[in-house]
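Colleague: I'd like to go over a predicted model; first the sequence, then the structure.
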Amino acid sequence: MASRIEDYALIGDCETAALVARNGSIDWMCLPRFDSPACFAALLGTPEHGRWLISPVSGVKRIRRRYRDDTLILETIFELEHGEVALIDFMPFRKTHTEVVRIVECRKGEAAMHMDLAIRFDYGSIVPWVRRVDGGISAIAGPDSLLLRTDVDVRGKGFHSVAEFKLSQGESTSFRLTWYPSHHSPPDAADPPRDLEETESWWRRWSARCTYRGEWREAVVRSLITLKALTYSPTGGVVAAPTTSLPERIGGIRNWDYRFCWLRDAAFTLYALLVGGYAEEAAAWREWLLRAAAGKPSDLQVLYGLAGERRNPEYELPWLPGYEQSAPVRVGNAAAEQLQLDVYGEVLDAFHFAQVSGLTLSKDAWALGRALLDFLETAWARPSQGIWEVRGPERHFVHSKVMAWVAFDRGVKAIERFGHDGPLQKWRGLRRKIHEEICRRGFDAELGSFVQSFGSKELDASLLMIPLVGFLPARDVRMRGTVSAIWRKLRRDGLVERYRTQADVDGLPPGEGLFLLCSFWLSDNLALQKRRCLARSVFERLLSLRNDVGLLAEQYDPVAQRLVGNFPQALSHVGLINTARNLSLAAKQQPSRTLTLEQDLHRVRPQADSAH
C-alpha cells in the first residue's frame, strides 16, 4: 500500500529533489533535475518502478522524524525493542552531479538493518545494467549512470540490490548514490560526515538571513526553506512542485505535472521571498521571469520549463498505474498552450512589486512590460481559460479581467511613480473602462457577490484576489458580500474550495480536494475586513494541515482527511508566508502589501474609483 502523501518529507539541493517516506523509503527522485525522466517513480507505481528503502528488519515500536533546525536535513528515528537507530537523509550541493547521502547511526542498543534499492530510469520503465565496482555498485542505462558507494556488502536479488547489516550503539555507516552522465567518468568519492557538516552549515547560514520576526516564525522559516528547495539555482526559476500526477482526488483523473515554473506564481513568490529578506533569490526569480516572458507578447505562456523552455508537451505514461490507482500519469502540461489573460497582469504586478521593494527594473524589463500592455489593449476583452486552467470552453472570467486591470494599473504606476515612459492617459482610460465593465458585468446584485464569469451565477475563490491586488477595498460592500457568499456556498470543513467543479465548466469529472491557497486568501480578506478572530481561526486551521515536518500539498481532502495533489506545493507555502505576514502586521496596525494596495485605491488612482 502506498504511503500517504503527508507521510513524505522533502530533501533537495536546489536543482532537484527526492521524497522520503516515514518508513525510510525514497519513492520519488528526479535525477539530475526536477523535470528529468531519469527518476525513481514508485510514488506513481509500485516498488518495481524504483525505490530505495533503508529500515530496521523488525521490532519497530515508534517512528519519529524531524528536520535539523533550519535545514533540509531529515532525521528519521526508529525506536526499536532493543535500541534506537537514526536515518539521516540529505543532498549535498554539487556543481557537476547529483547525490543523495544516507547515514545510518545506532544511538542505543543494537539494530539489524535492511537496504533494498531498485534503480529504474525513464519514469520506472527501464531496468539498468548493474554491476559490482570497488566500494559498491554501478547502474547504467542510456545517458544515465548511478553509482552507489557503501562499506556494506551489496548483492543482487531479482533486479534489486539488497543488503543486511547490523550496528551497535555508537556505530554508523553510510550510503552515497551519485548520478552522472554515463559517458563521463564517475565523480571522486567524498566523505559523508564532512558532507553532512558542510550541508548543515550551508542551510543554517541561509536560514540565518531570514528577516521575518512576526508571529508563526517557525512555520514561515520552514516554508521559506521549502521555497528555496524548489528553486532551480542555475536559472532562478521556482517549480510549482517537484512531483507529477499526485491526484487532486484519490482514484480520479485530475493528475497534472507541476514540475514547471508558472508566471502567475511570480508576484506571490516574489513577495514571500522579500518578506523573508531574500532579495537575492527574489531578484533571480524576477530575472528568470524576464527571460521566460521575453518575445512576442501574444505568445506569452502561463508556464515554462526550468530554464524558460516553451515546449512542454503533455503525454501519458501507460505503464504506471498512478498514485493509489489514480490514472493517468502525465508528463508535461498542456496548460502551456492555453490563453490565460491573467498572466499579463501577474507579470506587470511582479515588476511593480519588485520596484516597490527596491529592486531596479531595467530598460529591457520595462520594454517587455510596455509590449505586454500594448497587446493587452485589445486582448483584455477576449475570453480565456482563466486562473484554474479549465479544459472547458473559454469564458470571460472575472479574475482574468481583474488581472487585466492590474496590468494597466501597474503600468500607470510605472509612469507616475518610477518615471518610465508610456501612454499615461490611454492606460488610465483603459484602467477605468475595465474597472467599470467588471463592476457592471461581473457583479450579481441578486447574489450580492461577484461571480466566476460574466453572466454566471457561480462563485469562485479567485474572486478573493480582488482586494489583495487593490481592485476594491476589502471593506467595500460588494467584497463583503462576495466573501460572505463564498463562505456560505464554497465552505467545507472550515476552508473553501476553488469552485463547484462541473464537467461543463472545466471539461473534467467533478470532485477534488480543497485548494489550500484559496483559504489563505480568505484569511487575508477576513483580516482586512477587521474580522481578525475568524481570520486567525482559518489560518490556524491551515497550519494544522501541515505534516509532521511542516510541509503542505496542493490540496486537502476533508472527507478522507488527508493531503492530496502535488507535494510539497510552492503556492501553499507562499500563501502561508504571505498570510502570516498580513495577520502579524494587521495585529500591529502596520501596513502590509494588501493594506498598501488598498490605500493606493484612494491616493494614486482616483480615476479607477469613479466607477463606484
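Modeller: Cool, got the structure. Since the structure is predicted, the reported quantities are computational estimates derived from the model, not experimental observations.
Colleague: hmm, Pro181 is touching Ser145, no?
Modeller: Yes - using Cβ atoms under 8 Å as the test, Pro181 is close enough to Ser145 to be in contact (6.9 Å). Where C-beta positions appear, they are placed from N, C-alpha and C, glycine not excepted.
Colleague: who's more crowded, the two?
Modeller: Neighbours around Pro181 and Ser145, counted as other Cβ atoms under 10 Å, are more numerous at Ser145. The numbers are 24 against 12.
Colleague: please identify the helix or strand for that one.
Modeller: Applying DSSP states H and E as the criterion places Ser145 in strand 144-150.
Colleague: least confident secondary structure element in the chain?
Modeller: Each helix and strand of the chain was given a mean pLDDT (mean pLDDT, DSSP states H and E); the minimum falls on helix 606-609 at a mean of 28.
Colleague: check contacts around Leu227.
Modeller: Going by Cβ atoms under 8 Å, 6 or more residues apart in numbering, Leu227 touches 238, 269, 272-273, 281, 570, 573-574, 577.
Colleague: can you check Met113 too?
Modeller: Residues counted as contacts of Met113 (Cβ under 8 Å, 6+ apart) are 54-57, 85, 104, 164-167.
Colleague: repeat for His49
Modeller: His49 sits next to 40-42, 118, 120, 123-125, 320 when contact means Cβ under 8 Å, 6+ apart.
Colleague: quick revisit: out of the contacts of Met113, grab the one that's most surrounded.
Modeller: Val85 (28 neighbours).
Colleague: ok so that residue is a helix residue?
Modeller: No - read with DSSP: H, G, I helix; E, B strand; the rest coil, Val85 is strand and lies in no helix.
Colleague: which strands and helices sit next to the helix or strand where Leu348 lies?
Modeller: Taking DSSP H and E as the definition, Leu348 sits inside helix 342-356. Applying 3 or more Cβ pairs under 8 Å, 6 or more residues apart in numbering; DSSP states H and E, one finds that helix 342-356 contacts helix 265-275, helix 279-293, helix 363-379, helix 398-416.
Colleague: for Leu224, find the nearest of those.
Modeller: helix 265-275 (7.3 Å; Cβ to Cβ).
Colleague: give the other helices and strands that the closest one contacts.
Modeller: For helix 265-275, the packing partners by 3+ Cβ pairs under 8 Å, 6+ apart come out as helix 217-229, helix 279-293, helix 342-356, helix 570-587.
Colleague: just want the angle from the last one to helix 217-229.
Modeller: Computed by axes from the mean of the first three to the mean of the last three Cα atoms, to 10 degrees, the angle separating helix 570-587 from helix 217-229 equals 150 degrees.
Colleague: just to revisit the earlier point, and of the contacts of Leu227, the nearest to Ser326?
Modeller: Among the contacts of Leu227, and counting by Cβ to Cβ, the member closest to Ser326 is Ala570, at 21.2 Å.
Colleague: now do the contacts for the closest one.
Modeller: If a contact means Cβ under 8 Å, 6+ apart, then Ala570 has 226-227, 230, 238-241, 265, 269 as its contacts.
Colleague: where does it land on pLDDT?
Modeller: Looking at Ala570, its pLDDT is 96.
Colleague: what's the answer for Asp188, then?
Modeller: 90.
Colleague: doesn't it lie inside a strand?
Modeller: No - Asp188 is assigned coil when assessed by three-state DSSP, not a strand.
Colleague: could you check how far it is from Gly419?
Modeller: With distances taken as Cβ to Cβ, to the nearest Å, Asp188 is found 53 Å from Gly419.
Colleague: what's the answer for Leu167, then?
Modeller: Distance from Leu167 to Gly419, counting by Cβ to Cβ: 66 Å.
Colleague: what residues go with each domain of the protein?
Modeller: Using automatic domain parsing, the domains assigned to the chain come out as 5-185, 251-609.
Colleague: nearest to Glu215, of those?
Modeller: Proximity to Glu215, assessed across these by Cβ to Cβ, is greatest for domain 251-609 (4.8 Å).
Colleague: how about stretch 28-47: buried residues?
Modeller: Residues of stretch 28-47 classed as buried by neighbour count (16 or more other Cβ atoms under 10 Å): 28-45, 47.
Colleague: show me where the stretch 451-600 of the chain dips below the pLDDT cut-off.
Modeller: The stretch 451-600 of the chain contains residues with pLDDT under 70 at 501-508, 589-600.
Colleague: can you give me the strands in it?
Modeller: Secondary structure of the stretch 451-600 of the chain (DSSP state E, counting those that start in this stretch): strands at 491-492, 495-496, 514-515, 555-557, 562-564.
Colleague: again, but for the stretch 101-250 of the chain
Modeller: With strands called from DSSP E, counting those that start in this stretch, the stretch 101-250 of the chain shows them at 129-133, 136-141, 144-150, 155-157, 160-168, 172-181, 231-232, 237-238.
Colleague: deepest in the core, which of those is it.
Modeller: Mean neighbour count (mean count of other Cβ atoms under 10 Å) peaks for strand 237-238 among the strands of the stretch 101-250 of the chain, with a mean of 27.
Colleague: and the helix or strand following it, which strands flank it?
Modeller: Downstream of strand 237-238, the first helix or strand assigned by DSSP H and E is strand 261-262. According to DSSP bridges, strand 261-262 has the following sheet partners: strand 303-304 (antiparallel).
Colleague: who are the packing partners of the helix or strand following the partner strand?
Modeller: Counting by DSSP H and E, the next helix or strand C-terminal to strand 303-304 is strand 315-316. In terms of contacts (3+ Cβ pairs under 8 Å, 6+ apart), strand 315-316 is packed against strand 330-331.
Colleague: what angle sits between the helix holding Leu348 and helix 279-293?
Modeller: 140 degrees.
Colleague: would you mark the buried spots in helix 342-356?
Modeller: Those would be 342-356, for helix 342-356 by 16+ other Cβ under 10 Å.
Colleague: again, but for stretch 464-479
Modeller: Buried residues in stretch 464-479, counting neighbours by 16+ other Cβ under 10 Å, are found at 464-474, 476, 478-479.
Colleague: out of the residues you listed, which comes closest to Ser537?
Modeller: Using Cβ to Cβ, Leu464 comes nearest to Ser537 of the buried residues of stretch 464-479, at 16.3 Å.
Colleague: dump the residue contacts of the closest one.
Modeller: The contact partners of Leu464, by Cβ under 8 Å, 6+ apart, come to 482-483, 486, 518, 521-522, 524-525.
Colleague: can you do 7 Å?
Modeller: 486, 518, 521-522, 525 (Cβ atoms under 7 Å, 6 or more residues apart in numbering).
Colleague: and the closest residue in space to it that isn't next to it in sequence, how many neighbours does it have?
Modeller: Leaving aside its chain neighbours, Leu464 sits nearest to Trp521 (3.9 Å; criterion: Cβ to Cβ, 6 or more residues apart in numbering). By the criterion of other Cβ under 10 Å, Trp521 has 26 neighbours.
Colleague: surely Trp521 touches Met465?
Modeller: Yes - the pair Trp521 / Met465 is scored as a contact, 6.4 Å apart, by Cβ atoms under 7 Å.
Colleague: follow-up on the earlier one: dump the contacts of His49 into a markdown table; add distance to Asp69 and pLDDT as well.
Modeller: Listed next are the contacts of His49 as a markdown table, based on distance: Cβ to Cβ, whole Å; pLDDT from 0 to 100:
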| residue | distance to Asp69 | pLDDT |
| --- | --- | --- |
| Phe40 | 28 | 91 |
| Ala41 | 32 | 93 |
| Ala42 | 30 | 95 |
| Ala118 | 33 | 97 |
| Arg120 | 35 | 96 |
| Tyr123 | 35 | 95 |
| Gly124 | 35 | 94 |
| Ser125 | 40 | 95 |
| Leu320 | 37 | 96 |
